[in-house]
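In: fold the following, please.
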Amino acid sequence: MLGEHPRDLAAAWGLLRSGAITVLPIDDGDTAELETLMKRYADRPMDFADATLVRLAQRERLATVFTVDHDDFETYRIDGRRRFRVVPAR
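Out: Residues are numbered from 1 along each chain as shown. Just a heads-up that it's a prediction; the model follows:
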C-alpha cells in the first residue's frame, strides 16, 4: 500500500508512533484459535496474517479492519457470524 518511497514509509511509522493506531499482541494463548481459524477457512486458504487479524477482532470485540484484501475479509466472519467492516471501502 505504501510503495517504496522512504518518505511514505517514514510517514507510516510516524502514524504508528503517534498513537493513532494501536498494535495489539498475539501470544501463546491465541495459537489454538489461530489454528482453528486457518482450518475453518482452508478452502481460501487463510494465511497467518489474516488469522491474526480475525483472532484480534474476536478477542477485542472489533468489527472494523484496515485492509485491501476485500475478497477474504468479505468472507471471514467474527465469531463465525458477524461480517467485517472493511476500510477503505471498495
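
In: contacting residues around the most centrally placed residue in the chain?
Out: Geometric centre of the chain, nearest residue: L53, 2.9 Å, by C-alpha atoms, centre = their mean. Neighbouring residues of L53 by C-beta atoms under 8 Å, 6 or more residues apart in numbering: 65, 67, 73. The way it works is simple: take the backbone N, C-alpha and C, and place the C-beta from them, glycine included.

In: just R55 next, same as before
Out: R55 neighbours (C-beta under 8 Å, 6+ apart): 26, 30, 33-34, 37.

In: tabulate the residues you listed in TSV, adding columns for neighbour count.
Out: Shown next, in TSV, are those (neighbours: other C-beta atoms under 10 Å):
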residue	neighbour count
I26	16
D30	17
E33	15
L34	16
L37	22
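
In: quick one: which of these is nearest R82?
Out: L37 (14.3 Å; C-beta to C-beta).

In: skipping its backbone neighbours, what lies nearest the closest one in space?
Out: A51 (4.6 Å; C-beta to C-beta, 6 or more residues apart in numbering).

In: neighbours around the one you found, how many?
Out: 23 (other C-beta atoms under 10 Å).

In: quick check: buried residues in the helix or strand encompassing it?
Out: For A51, the host element (DSSP states H and E) is helix 48-60. The neighbour-count check on helix 48-60 (16 or more other C-beta atoms under 10 Å) flags 50-58 as buried.

In: the very next helix or strand once past that helix - contacts with which helices or strands?
Out: Scanning forward in sequence from helix 48-60 by DSSP H and E, the next helix or strand is strand 64-66. Using 3 or more C-beta pairs under 8 Å, 6 or more residues apart in numbering; DSSP states H and E as the contact test, the elements touching strand 64-66 are strand 85-87.
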